[in-house]
Structures are given as structure tokens and as C-alpha cells.
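1. I'd like to go over a predicted model; first the sequence, then the structure.
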Amino acid sequence: MPMRVADPLRWLVLLLLWVVAIPTASRATEATSPAIAALMAEARRDATGATCERLTEDALARVLCRGRIRIGVRTNYAGFSVQTPGAAGPRWDGYEIDLARAVAATLGVELDLVGVTPATRIAMLLEGRVDLVMATMGHTSLRDTQVRFIRPHYFSSRTVIIGDRRIRVEDEDDLAGRTICVTLGNADTARIAGDGARLLIFDSPQQMLDALRMDICTLAMQDDSFFAPSFRDSHFQLRFEPKLVISTLPWGMATARPDRLALLLDRLAAAWHADGTFLAAATRHSLVTAFLEEQRLRWQAPGCLDASGGPAPACLDAPTDTGLQPTSFAEDVVAFERWFSDTFGVALTLPMLKSQIAFDFFLRGVGISLLLVVGSLVATLVFAVGFGAALCASSALWRVPTQLLTGLLQCSPLVLLLFFGYAMVSTVTPYSPRIALGLSIVMIGLYNGSHAGRAIADAHGALRAASPGADASLLLSMRGASVQIMSFLVNATKGSSVASMIGVPELLNALTDITSFTSERIMTYSFLLVFYSALVLLVVWVTRILQRRVLR
């Protein structure tokens, strides 16, 4: 939201705040806040040579010992933190970069800016690769259990969905079946996935915005602060508009644990709201400042600091409850992850088992995947027998059209067949997960059944050529093609996950939804690999039994 030009006094005051507040933050804040000064003096006393040699666990003393603070920031979030290459090294700019420099100045240490992403920012903090994260991270109830957020918050945004003006979206019910571009780690993706939206996940907001412009998705969800610069473009305004406000999300810095660094930053954040440091920095980068203006008034008022000089709990905003309630066995899962890591030295994360909504997605995905695989196997067998019988028929009325159809199916990629079927069906009936599931079973069966049916016909021709005049029945032909039939049943199992392309909520789709709000990819997709590998092995075992008992 741009500043009002008609208010020159406000412009002047904020400009003076920006010029004065940030460069003098380390001197003014420490001088005027006895609580901050006391913490700094205590940490400096502890940061002696002997303590530094022991690599103290206290983050503040460790930073002072090292003489440097490592702050994790985004590299590609316009207005907040952007890294651009330069002749003398990378250049950084943005609201959060100004704040990071002010934190380092307050501590009297050098600043190391470390690029992080939504998928890595918490992990890097917990692994000790950064001392502080300031990376557009919303303070949610789930993340509150993972890291120590600094309060008061330094920014707040609204999560909004925008889209083409021609698209009608009046409430969340209208999101079902829509393809929505989101970024990895967005806390609200669990909510819209539960509404039946189909998610396309991008690592960076700019990639997501480019996909929206290229019509790869019809809608996009992100913070309103990110979309604000785009809506200043008249061409963008003519094409897109905000559709829904999903939630309001406060942003917080975070440390790994509640130690003296966290306590100092709490006091620093309250002081910077009161003296206008946050507001001046946000104004400089043309950010929406309503939240910061309200916070400045709040922290200038008496009563918001407790007896120790820290922020009073009554004046702090609570984290956003994203609805990610833990499962009844979440603590056991966390304990198992810790044991596995300690025993084998490998970090294991099972996000699909720790929150109830992720677990529900996971169970639904497994169930639908099993149904999809079983349906695809049955459809493949049915079409194989049907195509085989038609190709072996003596009448050209059956044989010739079937040859043309199976030839077309064999030459077409499975993904193209799925999208073709989806386009045809969507002209006569609205999209639904059930329709997509049924269509996928039919298309996977047609594709693999056409290959298996050709194999039966080839076996039939070979039998007749070997024994002219002998009875080459369909069953004998199927026995001759049993190896090929088994091969295409296995292909149907392996290819069933491609149904996610048209929105079937099977396991791949479910795990993609889970990844979008947990940011954990490696273990999530490793489980998918194990799941489908186990299914393929099971199908191979069953088909071999059938091959021995039925077709021999």
C-alpha cells in the first residue's frame, strides 16, 4: 500500500525516522534500555577466552566470542530480502536486510548473511548453521513447537489468493478442483488442500508469479506484501485481482532455543517498535505499514514492559493457529526420529505422522492409491482379454478397428491419454476426485491393455504358424503371452501415480500437499518410492503365482 502523498508531515516524520533510527540503533537502544544493556554486559563477561574455548552453548556469548552473527535470510523475496550479484560480491537489499544489519550493529559484531529457503530455514537454525533466522517466516502454532520466536513480531501480512478477473471465486468452496500456485512452506496450503484445491509448488515466489502469468495455474496464493508491487503495474491490475483473504499471519525472527540471545532480541524488538526503527525501515522499502504503525503506538504506551524490562505477555500477539493439530502419537514419532538420528547418525523426519491433517491426507492417499492400483490391474486384464479376442477374431469387422485403436493407444504417451480423457469428460460433467479416479483407471487400463492385447494376438499368430489347422484358443494365446501380460500389469502399477496429473488425490498428490506446508521433501518422497516399490514387488509375486497356476 503506497503512502498518501497528501500527508507531507507524515512523510517527513517517517523519513527522519529512517535516517536516524537504523544507523543509531545499537547506540540508542542499548543506552536507553537498561534491560538490554544488562544482558549485553553479562554476555560480554561470559565471553572470555576460557569460555570461548569451551564453545559455550549460550548463543549470545557464542556470537560475541566469534565476533560474527550468522543470520538466515531469503535471497529472492522482493522488498524484504534480495540478493543480486555484484563485482565486489553479492549485494543485499530489503527490509529484513536492514534489520539484520541493525542487529549486528547492536551486538557490535560482524554480519554474515546466509541464504535460506522455506524448506531449509528451520533446519539450518536447529543444526547450528545460522544463529538467527529472519526470513519472511510466519509465526504459527506448529512452528512455535520447533523454534523460539522473537516477540513482538517485526511484520504481519495477510495470505491472499489472487487470480484472473474472469474467474469466479467467492468463497473457499469455489477452490475445489482449481489449480493454485503456492510456495513451499506456506502455512495456509494445508487449509486450501483440505478444500480440494490442486497445488503446484514452487521454491520461490517469483517462480510462482511467473507461472500465474503464463496460465500454468489459474490462481496463486501468497502474502499480500509480495503481490503489492505487482498490483502497482496497470497491466497486472487489468488482468488479475484479489479473490480471497485466507488468514492474517505475524512474522517473527527465530532462534534455536530460549536463551539470552532470544531474550535480548525480545527487548530489542519492543524498543525498535517504540522508537520507530521497524516503521522507518518498512517505509524505506515501500511496504504496507499499518501493522507497524499500530505496534509503535502499543509499545510506546506504558505497561507493555514487565519488571525485568522484557515485553509484557498481555501486549504480545499470539501465533496463528493453522489448524495443524498434532496426532495422538506425535510425541512417540518425535521420540522415534530422535532415537533414529542418535543411533544411525541420519536425520529422519516423518511429517505425515505428526499433524492430524497431514496424517488424514496420508491415509486417504494410501487408500486411494491402493484402489487405483487394483482398479488399473483389473482394467488392464479386462482390456487385454478384450483386445486380444478382437485381434484374434476371424471377422475383419472386429479385427481391423481394434488394430487401429490399439495402434493409436500404443503410440500415445500415457500422460497425453490422461489429459485427453480429462478434457473429454470435463465437457459433459464437472470435475470431481471420483470422476478423475475412474477416468485414470480406464485410461491406464486402455494403455497397458492395448500392449498386452497385442502380445496375445502375436502369440495367437505364432501358435497358428507353428501348427497350421490346430486350435489356437484365446486361453492358449494368453499362456503364450503370459510374460508380456505380467510385464504390462507391472507397468500399470508403476504408472498409476501419473494419475496425480489430473487431480486424483492418491499418495503422490497427498504427499505433495503435505510437503507444501511442512517443507520436508526428502523423507516424504523417499516413502513414496518405498511404497510403490513394495507395490510393484507384490504385483510381480502375485502375477507369477497366477502365471504358474492359471496360465500353465
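-> The structure has been received and is ready for your questions. Everything quoted here is computed from the prediction, not taken from an experiment.

2. buried ones in stretch 133-152?
-> For stretch 133-152, burial by neighbour count (16 or more other Cβ atoms under 10 Å) applies to 133-144, 147-152. (C-beta placed from N, C-alpha, C; glycine too.)

3. got it, and stretch 456-470?
-> Here stretch 456-470 shows 456-460, 463 as buried, counting by 16+ other Cβ under 10 Å.

4. quick one: average pLDDT of it?
-> Confidence for stretch 456-470, expressed as mean pLDDT, is 81.

5. Show the subsequent helix or strand relative to whichever strand in the chain runs longest.
-> Longest strand in the chain by number of residues (criterion: DSSP state E): strand 240-251. Next in sequence after strand 240-251, counting helices and strands by DSSP states H and E, comes strand 254-255.

6. what helices or strands is that next one leaning on?
-> The contact analysis (3 or more Cβ pairs under 8 Å, 6 or more residues apart in numbering; DSSP states H and E) places strand 254-255 against helix 121-126, strand 132-133, strand 148-149, helix 260-275.

7. Quick one: closest of those to Pro326.
-> With Cβ to Cβ as the criterion, Pro326 lies closest to helix 121-126 of these, at 16.6 Å.

8. other SSEs contacting the closest one?
-> strand 68-73, strand 132-133, strand 254-255.

9. closest to His235 out of those?
-> When the helices and strands packed on helix 121-126 are compared (using Cβ to Cβ), the closest one is strand 68-73, at 30.4 Å.

10. Now, the buried residues of stretch 456-470 that are in helices?
-> Applying DSSP state H to these, the entries found in helices are 456-460, 463.

11. wouldn't Gly196 be in contact with Asp174 here?
-> No. Using Cβ atoms under 8 Å, Gly196 is not in contact with Asp174; the gap is 10.0 Å.

12. any weak-confidence spans in the stretch 401-550 of the chain?
-> 469-472, 549-550 (pLDDT under 70).

13. let's see it at 90
-> Applying pLDDT under 90 to the stretch 401-550 of the chain flags the ranges 415, 419, 421-436, 460-483, 494-529, 532, 536, 539-550.

14. which stretches of it form helices?
-> Along the stretch 401-550 of the chain, counting by DSSP state H, counting those that start in this stretch, helices occupy 414-426, 433-466, 474-480, 482-495, 507-518, 522-549.

15. want to throw the ones in helices among the buried residues of stretch 456-470 into CSV with distance to Ile201?
-> Output for these, formatted as CSV (distance: Cβ to Cβ, whole Å):
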residue, distance to Ile201
Ile456, 42
Ala457, 44
Asp458, 43
Ala459, 45
His460, 48
Leu463, 52
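
16. ok, so of the residues you listed, who is nearest Ala347?
-> The closest of those, once distances to Ala347 are taken by Cβ to Cβ, is Ile456, at 49.7 Å.

17. which residues sit in contact with the closest one?
-> Contact partners of Ile456, counting by Cβ atoms under 8 Å, 6 or more residues apart in numbering, are 384-385, 387-388, 391-392, 474, 477-478, 480-481, 485.

18. Filter the residues you listed down to the buried ones, ChimeraX style.
-> Those of the contacts of Ile456 that count as buried under 16+ other Cβ under 10 Å are selected in ChimeraX with:
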select :384,385,387,388,391,392,477,478,480,481,485
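
19. could you dump the contacts of Ile456 to CSV with distance to Val373?
-> Below are the contacts of Ile456 laid out as CSV (distance: Cβ to Cβ, whole Å):
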residue, distance to Val373
Ala384, 16
Val385, 19
Phe387, 21
Gly388, 22
Leu391, 26
Cys392, 28
Leu474, 26
Ser477, 26
Met478, 22
Gly480, 26
Ala481, 22
Ile485, 16
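
20. tell me which of the contacts of Ile456 is nearest to His451?
-> Ala384 (8.2 Å).

21. Wait, Val382 touches Leu446, no?
-> No. Using Cβ under 8 Å, Val382 makes no contact with Leu446, being 10.0 Å away.

22. who's more crowded, these two?
-> Taking neighbours as other Cβ atoms under 10 Å, Val382 and Leu446 compare with Leu446 leading, 21 against 12.

23. what's near enough to touch the closest residue to Arg257 other than its chain neighbours?
-> Closest residue in space to Arg257, ignoring its immediate chain neighbours: Arg148 at 5.7 Å, by Cβ to Cβ, 6 or more residues apart in numbering. By Cβ under 8 Å, 6+ apart, the residues touching Arg148 are 254-258, 262.

24. is it possible to export those residues to JSON lines including distance to Arg544 and neighbour count?
-> Output for the contacts of Arg148, formatted as JSON lines (distance: Cβ to Cβ, whole Å; neighbours: other Cβ atoms under 10 Å):
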{"residue": "Ala254", "distance to Arg544": "54", "neighbour count": "24"}
{"residue": "Thr255", "distance to Arg544": "57", "neighbour count": "23"}
{"residue": "Ala256", "distance to Arg544": "52", "neighbour count": "21"}
{"residue": "Arg257", "distance to Arg544": "55", "neighbour count": "13"}
{"residue": "Pro258", "distance to Arg544": "58", "neighbour count": "12"}
{"residue": "Ala262", "distance to Arg544": "60", "neighbour count": "21"}
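
25. which of these lies closest to Ala41?
-> Minimum distance to Ala41 across those is 17.5 Å, recorded for Ala262 (Cβ to Cβ).

26. Can you list the strands that the host helix or strand of Cys181 pairs with?
-> Per DSSP H and E: Cys181 is located in strand 179-183. Here strand 179-183 is paired, per DSSP bridges, with strand 198-202 (parallel), strand 219-223 (parallel).

27. now stretch 402-418: how far from the chain's centre is it?
-> Distance, stretch centre to chain centre, for stretch 402-418: 35 Å (Cα atoms, centre = their mean, to the nearest Å).

28. can you check stretch 366-375 too?
-> 24 Å.

29. ditto for stretch 462-482
-> 54 Å.

30. Going forward, the N-terminal residue is numbered 48.
-> Happy to do that; since the first residue is 48 now, the last one works out to stretch 509-529.

31. what's next to that stretch, contact-wise?
-> 432, 435-436, 439, 499, 502-507, 532, 594, 598-599.

32. what sits against Ser497?
-> Ser497 touches 430, 434, 452-453, 456-457, counting by Cβ under 8 Å, 6+ apart.

33. Next one: it from Thr187, what distance?
-> Distance of Ser497 to Thr187, computed by Cβ to Cβ, to the nearest Å: 49 Å.

34. Then Phe467?
-> Counting by Cβ to Cβ, the gap between Phe467 and Thr187 amounts to 41 Å.

35. Break the chain down into its domains, please.
-> Residue ranges of the domains in the chain are recorded as 55-201+299-371, 203-296, 399-596, according to automatic domain parsing.

36. between those domains, which gets nearest to Phe387?
-> Using Cβ to Cβ, the domains of the chain put domain 399-596 closest to Phe387, at 10.6 Å.
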